[in-house]
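S.K.: Have a look at this prediction, sequence included:
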Number of protein chains: 2
Amino acid sequence: MADKKLVESITSMEEDFAQWYTDVVKKAELIDYTSVKGCMVIKPAGYAIWENIQKNLDAMFKEVGVQNVYLPMFIPESLLQKEKDHVEGFAPEVAWVTHGGLAPLQERLCVRPTSETLFCDFYKNDIHSYRDLPRVYNQWCSVVRWEKETRPFLRSREFLWQEGHTAHATAEEAEERTIQMLNVYAKFCEDFLAIPVIKGRKTDKEKFAGAEATYTIEALMHDGKALQSGTSHNFGDGFAKAFGIQYADKDNTLKYVHQTSWGMTTRLIGAVIMVHGDDSGLVLPPRIAPTQVMIIPIQQRKEGVLDKAYELADSLKGSYSVKVDDSDKTPGWKFSEQEMRGIPIRVEIGPKDIEAGKCIICRRDTREKIEVALSELNQKVGEVLDTMQKEMLERARAHRDSHTYVAKNMEELKSIFAEKTGFVKAMWCGCQECEDIIKEKLSVTSRCMPFEQEQLSDTCVCCGKPAKKMVYWGKAY
Amino acid sequence: MADKKLVESITSMEEDFAQWYTDVVKKAELIDYTSVKGCMVIKPAGYAIWENIQKNLDAMFKEVGVQNVYLPMFIPESLLQKEKDHVEGFAPEVAWVTHGGLAPLQERLCVRPTSETLFCDFYKNDIHSYRDLPRVYNQWCSVVRWEKETRPFLRSREFLWQEGHTAHATAEEAEERTIQMLNVYAKFCEDFLAIPVIKGRKTDKEKFAGAEATYTIEALMHDGKALQSGTSHNFGDGFAKAFGIQYADKDNTLKYVHQTSWGMTTRLIGAVIMVHGDDSGLVLPPRIAPTQVMIIPIQQRKEGVLDKAYELADSLKGSYSVKVDDSDKTPGWKFSEQEMRGIPIRVEIGPKDIEAGKCIICRRDTREKIEVALSELNQKVGEVLDTMQKEMLERARAHRDSHTYVAKNMEELKSIFAEKTGFVKAMWCGCQECEDIIKEKLSVTSRCMPFEQEQLSDTCVCCGKPAKKMVYWGKAY
């Protein structure tokens, strides 16, 4: 039934997943390229998804005591250099402002790639006593990293994100907050984006520049590649010592604060595309879909059809976000567009349906068609959206589980990655040497040491020495 | 009753308005200075006001068909230079990025001071046919202008704002949208910020770089100085011609689009402070106050007092944003803090009140104290908030009207500005020469040619030739 013109122009996922992805972001009108290499325009359909992510994630933040702030986008070079590991990690990929107006600056400023140093500089003057702790601040902003290879949403020179930065009296409290925010991220991904994630800790090799520990949520895309979807870092008192952030404790002694930071970005939109999309385009989880229901009138020029479509829209609007496609395109073309844009539910209503007091609901993910009495439409739409949200998560979980493998030695690890793409669980001795060897030989990276550990065998998959941790390996975006 | 320590540290408005303003932004914890000259930290109490501004203004935008997008923060130098007037206006005050990572860039990029050029570059490829019009896009972001003198919220090198950029098929439609958005701004200022504004058109001397016409809303601060609070620009087809933005019309001929842009910024927070504040600190209009009601328990260690305070908070939370100050400070100290932060309503509740089934409501603006039966608290809080919102607007309007003067000749104009600060209405011949003379001699600027014109006299206040327009003059921030 769907018109083929729109659909034909998308490459099939099986044929070329990367090209399919690029086609979808363009055809679903999420993004456009710009004259600024590596920077994107996020178009209305893409930005509306980000607004829904922001709104819901921000509400979850506020429930756990997070307050929003805004810090400058510029970091003086001397400030960036205060924490040794941090500057080594970021200096090679920042953009430098050297002139303000017509005059050269006395000191170069970098455009923030992340704001640990700015928050430290702020906290240094803002925190005096134990009464000022904890500080649990977050900002929504854009950051810049001068990447060489870029891809829409997944890796761009400028991207939108949130960055939380906290300061605590004790190491225990900082660790608790680090894990708490990782759990918020995991819950958000599962409940709103319908994306199941593996929670775990990064190896030292993969941790954030300047962190004591980095925790991550890792998701598996439809093509079997991993996507790091959110990270939460515990800095201990390393930054506090570098920046001199001290507080007077109850016993009147000066102590260093313990800090954390955590972030999620517009790359989540990339994850939604690559976990749920299909050969007809985007499939949006109902809870973050900007439009949840598209009503498409059939034979709309016949008397009463458009009126009925508007009437249905009005009756649904209190509960759902609804649009009527009353453009002069053919129904088939409208179906294709609704599918391409990933709108969860299509309601088809024509003269015969009206006569029979019915309409057709079509689910975007399964394409299941359901005949519904108009009097029951409101309730049925709610049920279908709930079911779809739930089943999208289940399907993504089943896909991930069926693409998760176990390797007990290098031979198995090699042969799995030679044939398949997915997560591979394997035991590890904890030496960076083994991690380096695996990365180099198989072009995969350690994704995380999951919180849910299993004892697959007693020996490291690489060196055969006693194993300490089970690690998830994968090819990553 | 209020503890004096907090209050004493604010300079009185009458003594030194500028210092009073600086004291309030610091003591009400809205802002902090940073290591980056001219850039500020917006702290939680300040950012929460901005979030309320964003939420409500964005809802008004969406009602008139505005869609949000995000464009890059960088503008290649060649792009900035495409529209002659525009580049002349902005080039002297932009920050230039010259290096990305370790390498110099082939072309310098400026950090956006405003995004007309980027939107044009985007629209050039995005608009093909009359079916693509109008485009009514907006973005919430930060922009950078390398100002020499800066003041919190009013003028800083980086500030937050929204910038709408639209493209239309006809000149009429562009003009309609320009005025429509100015009306949205005026309504927002009056309905939410309780700030009355003068709507009008800027003279050619004061208009935006590259615009055909700039419209403005001008507000009067408590000290009699004017604040430009929002602007809306009609570009005609000037940018379209410079960038080559054409569409195929129904008759199949290629035509240039007509464009507009419009913006409001975090300077609105400065306006709220300077219109409504008093010697005890901030006074926030209820509709944008992050906390509307602060419940302050009296003798809170007595049994039942804190429980009652929490119970009241719970009963109010469905309708208002409420907090209980259960810290171990004295009630007087808590009163001072609540006043300093401008929280509209204070509820005082102690053992005797509980016994009598009553509490005291205290209005922040008038300090009126009202005894209220606990059973009627919810309703009464609603009434007081509504009344306060309404009366704050009325008071601001009365203040503005009593500080608006009329001058019929240069002598009058001089003597008014020698003695008073406020708006002065005067007739003008329309020549920039007269405008320049007045600006130079009296150190005031033309604020706008108001939509509501009056015929004060027949001759220009400066040259005595026939007058064309009535102009508002003032000292401006």
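M.R.: Sure thing, it's come through. Treat the numbers as computed from the prediction; the structure is a model and nothing was measured.
S.K.: ok, how many other residues are close to the closest residue in space to A:His258 that isn't next to it in sequence?
M.R.: Leaving aside its sequence neighbours, A:His258 sits nearest to A:Ala174 (CB to CB, 6 or more residues apart in numbering or on different chains; 3.7 Å). Placement of C-beta: from N, CA and C, glycine included. A:Ala174 is flanked by 25 other residues according to other CB atoms under 10 Å in any protein chain shown.
S.K.: which residues in the stretch 351-477 of chain A form strands?
M.R.: A:358-363, A:369-373, A:404-406, A:423-428, A:445-450, A:469-474 (DSSP state E, counting those that start in this stretch).
S.K.: that older thread, am I right that the residue nearest to A:His258 sits in a helix?
M.R.: Yes: counting by DSSP: H, G, I helix; E, B strand; the rest coil, A:Ala174 is found in a helix.
S.K.: What residues does it make contact with?
M.R.: Contacts for A:Ala174 (CB atoms under 8 Å, 6 or more residues apart in numbering or on different chains) come out as A:166, A:168, A:234-236, A:258-260.
S.K.: With A:Val444 instead?
M.R.: So A:Val444 contacts A:417, A:424, A:438, A:473-476 (CB under 8 Å, 6+ apart).
S.K.: any idea which of those residues has the most stuff around it?
M.R.: Counting by other CB under 10 Å, top hit in these: A:Trp473 with 27 neighbours.
S.K.: Surely that one is in contact with A:Cys448?
M.R.: No: with contact defined as CB atoms under 8 Å, A:Trp473 does not reach A:Cys448; the gap is 9.7 Å.
S.K.: roughly how far is the helix or strand hosting A:Asn52 from the heart of the chain?
M.R.: In the assignment (DSSP states H and E), A:Asn52 maps to helix A:44-63. Remark: helix A:44-63 is offset 11 Å from the chain centroid, using CA atoms, centre = their mean, to the nearest Å.
S.K.: for stretch A:87-107, same thing?
M.R.: A distance of 29 Å separates the C-alpha centroid of stretch A:87-107 from that of its chain, computed with CA atoms, centre = their mean.
S.K.: export it as PDB, just CAs?
M.R.: The C-alpha atoms that make up stretch A:87-107 are tabulated as PDB, following Å, rounded to 0.1, in the frame of the first residue of the first chain:
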ATOM      1  CA  VAL A  87      44.800  18.200  29.500                       C
ATOM      2  CA  GLU A  88      46.700  15.300  27.900                       C
ATOM      3  CA  GLY A  89      43.400  13.700  27.000                       C
ATOM      4  CA  PHE A  90      41.700  16.800  25.600                       C
ATOM      5  CA  ALA A  91      44.300  19.300  24.300                       C
ATOM      6  CA  PRO A  92      44.800  17.500  21.000                       C
ATOM      7  CA  GLU A  93      41.200  17.900  20.100                       C
ATOM      8  CA  VAL A  94      40.100  21.400  21.200                       C
ATOM      9  CA  ALA A  95      39.300  24.500  19.200                       C
ATOM     10  CA  TRP A  96      41.300  27.600  20.200                       C
ATOM     11  CA  VAL A  97      40.000  31.100  20.200                       C
ATOM     12  CA  THR A  98      43.000  33.500  19.700                       C
ATOM     13  CA  HIS A  99      41.300  36.800  18.900                       C
ATOM     14  CA  GLY A 100      38.500  38.700  20.500                       C
ATOM     15  CA  GLY A 101      37.100  41.400  18.200                       C
ATOM     16  CA  LEU A 102      40.100  42.900  16.300                       C
ATOM     17  CA  ALA A 103      42.700  42.300  19.000                       C
ATOM     18  CA  PRO A 104      44.700  39.100  19.800                       C
ATOM     19  CA  LEU A 105      44.000  37.700  23.200                       C
ATOM     20  CA  GLN A 106      46.600  37.700  25.900                       C
ATOM     21  CA  GLU A 107      45.800  34.100  26.700                       C
END
